[in-house]
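Visitor: can you look at this prediction? I've put the sequence above it.
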Amino acid sequence: MKTLTVDDHKRIRIPDAIPRQVFAYENHGDGHFVLTLVKAQTEEPFPPDYDFGLNAKSNRELATLARGSSLKVP
C-alpha cells in the first residue's frame, strides 16, 4: 500500500499523475476520498468547413499591399 502526505499548502503529489491532469474530488464523509480523472473534451479549433478567407483573390490583394509597403524584407 502506498501512502501520500499533504504538504503545508494542502497539496498531495500523486506519483502516476501527469502534469495538468484534472481530478474530480468526492468526500464520502467516513474517511474515504475518491479522485476520478476527468478527461478533457477535445474539439477541433475550427470546423472542417471553416473559410479562412485565403484564396487567389485575397493573395493578389495582399501581394499588392505588400509591394506598396515601405517595409522591405531582407
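Guide: Now that the structure is in, tell me what you want to look at.

Visitor: quick check: T36 is in a strand.
Guide: Yes. Assessed with DSSP: H, G, I helix; E, B strand; the rest coil, T36 lies in a strand.

Visitor: quick one: it from E61, how far?
Guide: 53 Å (CB to CB, to the nearest Å). Bear in mind the C-beta positions are built from the backbone N, C-alpha and C, glycine included.

Visitor: likewise D8?
Guide: 60 Å.

Visitor: so between those two, which is more surrounded?
Guide: Higher neighbour count among D8 and E61: E61, with 10 against 5, using other CB atoms under 10 Å.

Visitor: for the more buried one, what are its contacts?
Guide: Residues counted as contacts of E61 (CB atoms under 8 Å, 6 or more residues apart in numbering): none.

Visitor: tell me which element it falls in.
Guide: Using DSSP states H and E, the element containing E61 is helix 56-67.

Visitor: how far does that helix sit from its chain's centre?
Guide: Between the centre of helix 56-67 and the centre of its chain there are 34 Å (CA atoms, centre = their mean, to the nearest Å).

Visitor: what's the answer for stretch 55-63, then?
Guide: 33 Å.

Visitor: output it as PDB, restricted to C-alpha atoms.
Guide: Taking C-alpha atoms only, stretch 55-63 is exported to PDB below (Å, rounded to 0.1, in the frame of the first residue of the first chain):
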ATOM      1  CA  ASN A  55      -7.900  32.300 -51.800                       C
ATOM      2  CA  ALA A  56      -6.300  33.500 -55.100                       C
ATOM      3  CA  LYS A  57      -8.100  36.900 -55.000                       C
ATOM      4  CA  SER A  58      -7.100  37.700 -51.400                       C
ATOM      5  CA  ASN A  59      -3.500  36.500 -52.100                       C
ATOM      6  CA  ARG A  60      -3.300  39.000 -55.000                       C
ATOM      7  CA  GLU A  61      -4.600  41.800 -52.800                       C
ATOM      8  CA  LEU A  62      -2.100  41.000 -50.100                       C
ATOM      9  CA  ALA A  63       0.700  41.000 -52.600                       C
END
